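Asker: Below are the sequence and a predicted model; questions follow.
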Number of protein chains: 2
Amino acid sequence: MLLSHLRAISKAATKPLSFLTFTKSLSLSSSSSMASTEETLRKTLADKLSAVEIQGNTVRSLKASSAPKPDIDAAVQALNALKLEKSSIEKSLQSLLSGSDSREAFRQSVVNTLERRLFYIPSFKIYRGVAGLYDYGPPGCAVKSNVLSFWRQHFVLEENMLEVDCPCVTPEVVLKASGHVEKFTDLMVKDEKTGTCYRADHLLKDYCNEKLQKDLTLSSDKAAELKHVLAMLDDFSSQELGAKIKEYGITAPETKNPLSDPYPFNLMFQTSIGPSGLASGFMRPETAQGIFVNFKDLYYYNGNKLPFAAAQIGQAFRNEISPRQGLLRVREFTLAEIEHFVDPEDKSHPKYTEVADLEFFMFPREEQMSGQSAKRIRLGEAVSKGIVNNETLGYFIGRVYLFLTHLGIDKDRLRFRQHLANEMAHYAADCWDAEIECSYGWIECVGIADRSAYDLRAHSEKSGVALVAHEKFSEPKEVEKLVITPIKKELGLAFKGNQKKVVEALEAMNEKEALDLKAALESKGEVEFEVCTLGKTVSINKNMVTIHKEIKKEHQRVFTPSVIEPSFGIGRIIYCLFEHAFYTRASKAGDEQLNVFRFPALVAPIKCTVFPLVQNQKYEEVAKLISKSLTVAGISHKIDITGTSIGKRYARTDELGVPFAVTVDSTTSVTIRERDSKDQVRVDVENAASVIREVSEGQRTWEDVWATFPHHSSTAADE
Amino acid sequence: MLLSHLRAISKAATKPLSFLTFTKSLSLSSSSSMASTEETLRKTLADKLSAVEIQGNTVRSLKASSAPKPDIDAAVQALNALKLEKSSIEKSLQSLLSGSDSREAFRQSVVNTLERRLFYIPSFKIYRGVAGLYDYGPPGCAVKSNVLSFWRQHFVLEENMLEVDCPCVTPEVVLKASGHVEKFTDLMVKDEKTGTCYRADHLLKDYCNEKLQKDLTLSSDKAAELKHVLAMLDDFSSQELGAKIKEYGITAPETKNPLSDPYPFNLMFQTSIGPSGLASGFMRPETAQGIFVNFKDLYYYNGNKLPFAAAQIGQAFRNEISPRQGLLRVREFTLAEIEHFVDPEDKSHPKYTEVADLEFFMFPREEQMSGQSAKRIRLGEAVSKGIVNNETLGYFIGRVYLFLTHLGIDKDRLRFRQHLANEMAHYAADCWDAEIECSYGWIECVGIADRSAYDLRAHSEKSGVALVAHEKFSEPKEVEKLVITPIKKELGLAFKGNQKKVVEALEAMNEKEALDLKAALESKGEVEFEVCTLGKTVSINKNMVTIHKEIKKEHQRVFTPSVIEPSFGIGRIIYCLFEHAFYTRASKAGDEQLNVFRFPALVAPIKCTVFPLVQNQKYEEVAKLISKSLTVAGISHKIDITGTSIGKRYARTDELGVPFAVTVDSTTSVTIRERDSKDQVRVDVENAASVIREVSEGQRTWEDVWATFPHHSSTAADE
């Protein structure tokens, strides 16, 4: 069951697939206890159904044989009791399975609020939109910009990272080296008549989920099989997926037409660079490659010293086959990526102790394999026990935890899940995803991977430019080295045009081969030697090559650095933040439910609204004065001089997640209201802006403000 | 001559061409006095050449006729004097024409510094790069991020603009409506043998410039002709360009092969959205369309009130035929655009008086036409005299001036140039470019246009969604309206299936047509009426339609707002800023020239460096302490504990434009050095970080710091 998180594609060389591939739907990430309840219910229901059938037959045969009325009545009563029990079990099963209904209702109310208040808008709406493309409207755009500013402060500035900004348009050669041209694909099926395309795994997933949720007569064996399919979905090959689709008789959702076999579709948006049409390019699927190709310059910029980190924020693109799940799976998105380059022989981190005592939900490989759930672990323990591969990886896991919780992500709905062995690329040392739980289930929002030397090596090979680091020894080290010296003159005489290939083959021997050859030549004088590039063996005699050991002085070690990569899906984090921040509360009159986003001031799109209590020129002037001071202080705010009731104005600003509201009800002092507590204090006009600035920028807490200033009890008119 | 700024393409409906099209090369934007000097020199040179020839002939004939030696000597002396004069004039002309040489030398030293310190890097360099794509390295990326933050503060926050964030991937329908699919093109020619592509106007321009700069024997008539061609370049049609290329015998630069006729090439990067390959899309050529298509929602968000502005920062793409001029003409760039929506009947601006007294270089249409140069004008005067079309446009010109000069653009190398009548789109009310002078000439960096209702109307028509504003009347207004009422029953009987089209045609009549029909029906009873959609006339009698005038009460005015659009090419502004900030000064020893960028703290990539004076653990600890306080305060800085001499470390940080350096030379106090004056003050360790924060964030000036703290005179070792 817990294999639900397996994802075959992440085993491919391309990394963003791993990052952007979705965790399974919520029904699968439910705890194992819930799963066992479901199984029990399904079994009990099946038993009850057959008991009802047997008892029904009993009643019928009693009636047919004109049995005594009391006997028949008793049998009917027993049947009715059984039916009642059956329908009660059905209800339990239904309510267990339809947990998703209440989640969907919650999601609908969040999404309605978000769209109505223009946090986001389906792009090109007046032209009926394009699936998977969204605009951030004014408050959403402000939240995004605040999240990115904080990311820069928390990571780039704090760690002195080298931030770069590379183009989205990328030539083919770069993405061939990275593996995206070959492997950045999803499997697709086509409606054989209309040509409409679907993601093959989505169709199979929908079929299984539908069956599991709606078909109460499903045997528990069949249910287990479907769950197994869901769990294995990402591990299925094209053939396996096709076979399952055939086996279950799955057809095109709209037309019910037959479907083609699955085949791979590359998810990159392709284009052509320059006017000739000959230079193929793609819109980058991730920002990381821009950093890797610049490694040499960045290493030089950092004084040729390791470790250092480079960072990039930018757009990435993914031409989804059929995007769903709103902001979570889109065709264009903002990534923020860090590539921390480190000596593979020393992955310690100087600031590791600053995070080692953090404790939060972790979901190590072993717990997943043995069917347990995520548990609270002290980070330092996870590193010292070797659950987390190394200090640097641990350090970033801790920093990501601090980043997300500061933004307002609920720490109880955040876990760090380790990739299972078969989820990881073969070269990766370790990989953890920060997963956030929302109405769509556990969503992978940040990937933190130790990718070893893979990316730099791939670009070194393809470009021919060595992307390596040097460690200068304080004193030269003496190293015993095997020296193979082919005697070219002799080899030339013997092999003529083949001389070069024989030389290369001799030089390519490893230490053992060379020592064996040396021994053989010394004992026999001539030896048959295989030259792969010639496809045959040749005779080598001892005049043709000398092999001996030498003591050499080495002044430096040359190596390819490992890279530890925290990669942030900004849109996904923001969407989860929206859900975690959303709640409703009754209006004062109790006649309606009001929406609130409890954003911390750090991310709130607007920090403060300023209202005159009533329409009045003097109050308006005070409001404008405060507004001006806020502008100078760089505090985003809104002034609302409409005649709407103050209660309605508070409701409007709560729905935008504005943490503070200044109400001008005199020309000398004003009230400041905090959004969640609805508490109000009274502050002099001249101090209002600076108090707002301090609480907005986190130099002061609301508790402190509450303790400092006189309290204002709101009158009935206020709310 | 002053037509040099004409740009034919900007007359097309598409706007970004206008914005991104380059002003002419420097040789053309030189003042008219320089041009007249050149003409005089060319004429004098031509006269002198013929004088030399005549005198040469005289000498030859004197020698041939064996004239007396004194006569011959005198003639030779006169010839030599003439030759001397000729070569002196040649030198003057050469030095006049090669003004560009020193500009190129300056540019080379800026660009070398920028590339060496990784302000920018040619993208994908290890794969030999892609023309027109650049990465911002760490300091460049920081400058860009500072410029964008200030833009948000100066425009979005200050004006309470509605910022949005739309995708780059754009479906074809949107860019058809905007005119880009049809008109966003450049004219291209191909090498007929190799297929290599060139921009037709660039080849012609290069030919003319080469001739003008290198060919001293050019007659002044020919020079005038070439200059005229340069001036008209952007007005040339495809045919005219082709004819000139043929006339001058221009061939492919590398191969000298013949060239094809010019033909249009669309500059948008094309791609395909979704897996079917049927939905064509483009990478957006500007960000503005994302705002226009959202007008309805944004207007609603703003409480259905005008004026309001929306803003967007984002990537835009332009598949240049053959990009040149480094960062100034690239295939992917960051735009920051504002769309200020306003009632066409009221273009006043409430904050206009705040900028009206600014005085700066403006280059109105009339001055350009009459051959004068840009002059300092008070903005308020330009608006009141009607040189600038309206207050809102004037307000934004003033705000752009403040924005650019705050960033560090030299106000004497900044001018606002008005578009000439034939440069502007037919619908535009007025248009001004903020042009900044750099080594490439006057560069259009910000376009500020009153585009009237064009864009909203185009999308209304194409999408069928009304993008309009409403003005509610305080009291209903009585308006005489013509009412046409087709009698559907009669029309149905007469025209059956065609009834609907006849009804539509009747309702579509304008006032005059309707009144004519009414009169005809009254006099004749029956009339032939043309129904275009049926392609024929039908007989209409007076029972079929009633037409009469009615007094109606109107409660609101419905109109399409005008849009005033300031559009900022962020990369161009940054490049010009680099040139304006760059200077060199001699090292203390006088043995080398050191590079400095005099960035204001606002844009400096790093605000402060912290050095221990000598390698010493105590000093290092103090340095780390100060660094930590700076991190907490959010001040970007760098700590340098290498053993390099303090002078070298200052030189390194000056070259990155770091405004302040803290040198730790004791455990109780440190020195703070200002980059440009090299002045140093002594500050207590515990105050150092807050002083740096205050001068970096502009709460305090360096002058104030200089006046407050004891001065530190640097010892010889320091610099």
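Answerer: Received, thanks. Numbering: from 1, shown residues only, chains lettered A, B, ... in the order given.
Asker: show me where pLDDT drops low in chain A?
Answerer: A:1-36, A:99-100, A:714-719 (pLDDT under 70).
Asker: Which strand in it has the most residues?
Answerer: Longest strand in chain A, counting residues (DSSP state E): strand A:469-486.
Asker: packing partners for that strand?
Answerer: helix A:499-507, helix A:511-524, strand A:545-559 (3 or more CB pairs under 8 Å, 6 or more residues apart in numbering or on different chains; DSSP states H and E). The way it works is simple: take the backbone N, C-alpha and C, and place the C-beta from them, glycine included.
Asker: ok, that strand: who's next to it in the sheet?
Answerer: strand A:545-559 (antiparallel) (DSSP bridges).
Asker: Could you pick out the longest helix of chain A?
Answerer: Counting by DSSP state H, the longest helix found in chain A is helix A:32-64.
Asker: Show me what counts as buried in that helix.
Answerer: Of the residues in helix A:32-64, A:35, A:38, A:41-42, A:44-46, A:48-49, A:51-52, A:55, A:58-59, A:62 count as buried by neighbour count, 16 or more other CB atoms under 10 Å in any protein chain shown.
Asker: Which ones among those also lie next to chain B?
Answerer: When contact is defined as CB under 8 Å from any CB of the partner chain, the buried residues of helix A:32-64 do not meet chain B at all.
Asker: just curious, which of those residues is nearest to B:Lys256?
Answerer: A:Ala35 (76.8 Å; CB to CB).
Asker: ok, which pair from the buried residues of helix A:32-64 is furthest apart?
Answerer: Maximum distance among these (CB to CB): 40.7 Å, for A:Ala35 and A:Leu62.
Asker: quick revisit: check which residues of the longest strand of chain A are buried.
Answerer: For strand A:469-486, by 16+ other CB under 10 Å, it's A:469, A:484, A:486.
Asker: Over to stretch A:303-318?
Answerer: A:306-318.
Asker: For my notes, please list these in TSV and give distance to chain B and secondary structure for each entry.
Answerer: What follows is the buried residues of stretch A:303-318, written out as TSV (distance: CB to the nearest CB, whole Å; DSSP: H, G, I helix; E, B strand; the rest coil):
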residue	distance to chain B	secondary structure
A:Leu306	15	coil
A:Pro307	15	coil
A:Phe308	10	strand
A:Ala309	11	strand
A:Ala310	8	strand
A:Ala311	9	strand
A:Gln312	8	strand
A:Ile313	9	strand
A:Gly314	8	strand
A:Gln315	6	strand
A:Ala316	11	strand
A:Phe317	7	strand
A:Arg318	10	coil
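Asker: now those residues as a markdown table including distance to A:Pro253?
Answerer: Formatted as a markdown table, those follow (distance: CB to CB, whole Å):
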| residue | distance to A:Pro253 |
| --- | --- |
| A:Leu306 | 52 |
| A:Pro307 | 50 |
| A:Phe308 | 50 |
| A:Ala309 | 45 |
| A:Ala310 | 44 |
| A:Ala311 | 42 |
| A:Gln312 | 39 |
| A:Ile313 | 37 |
| A:Gly314 | 35 |
| A:Gln315 | 31 |
| A:Ala316 | 29 |
| A:Phe317 | 26 |
| A:Arg318 | 22 |
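Asker: re the thing from before, and which of the buried residues of helix A:32-64 is nearest to B:Ser587?
Answerer: Ranked by distance to B:Ser587 (CB to CB), the buried residues of helix A:32-64 are led by A:Ala35 at 74.3 Å.
Asker: is it fair to say A:Lys86 lies in a helix?
Answerer: Yes: A:Lys86 forms part of a helix when assessed by DSSP: H, G, I helix; E, B strand; the rest coil.
Asker: Let me have the strand or helix carrying A:Val189 in PDB, keeping just the CA atoms, if that works.
Answerer: Here A:Val189, judged by DSSP states H and E, is contained in strand A:185-190. What follows is strand A:185-190, C-alpha atoms only, in PDB (Å, rounded to 0.1, in the frame of the first residue of the first chain):
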ATOM      1  CA  THR A 185       8.200  12.300 -21.400                       C
ATOM      2  CA  ASP A 186       4.800  11.100 -20.200                       C
ATOM      3  CA  LEU A 187       2.900   8.200 -21.700                       C
ATOM      4  CA  MET A 188       0.000   9.200 -23.800                       C
ATOM      5  CA  VAL A 189      -3.000   7.500 -25.500                       C
ATOM      6  CA  LYS A 190      -5.200   8.800 -28.300                       C
END
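Asker: Which residue ranges of the stretch 501-650 of chain A form helices?
Answerer: For the stretch 501-650 of chain A, the helices defined by DSSP state H, counting those that start in this stretch occupy A:511-524, A:570-581, A:617-632, A:646-655.
Asker: Let me know which of the ones you listed is tucked in deepest.
Answerer: helix A:570-581 (a mean of 24; mean count of other CB atoms under 10 Å in any protein chain shown).
Asker: Tell me the gap between that helix and the middle of its chain.
Answerer: Helix A:570-581 has its average C-alpha position 12 Å from the chain's average C-alpha position, going by CA atoms, centre = their mean, to the nearest Å.
Asker: Is any residue of that helix near chain B?
Answerer: No: Helix A:570-581 lies out of reach of chain B by CB under 8 Å from any CB, never closer than 10.2 Å.
Asker: Determine the set of other helices and strands touching that helix.
Answerer: Counting by 3+ CB pairs under 8 Å, 6+ apart, helix A:570-581 packs on helix A:99-116, helix A:138-151, strand A:332-342, helix A:391-407, strand A:430-438, strand A:441-450.
Asker: Quick one: distance of the longest one to the chain centre.
Answerer: For helix A:99-116, the distance between its averaged C-alpha position and the chain's averaged C-alpha position is 21 Å (CA atoms, centre = their mean).
Asker: Parallel or antiparallel, list what pairs with the helix or strand following that helix.
Answerer: Using DSSP H and E, the next helix or strand after helix A:99-116 towards the C-terminus is strand A:120-122. Strand A:120-122 sits in its sheet next to strand A:134-136 (antiparallel), going by DSSP bridges.
Asker: Give me the contacts around the partner strand.
Answerer: A:119-123, A:143-144, A:326-327, A:330, B:164-167, B:290, B:294 (CB atoms under 8 Å, 6 or more residues apart in numbering or on different chains).
Asker: Thanks again, I'm all set now.
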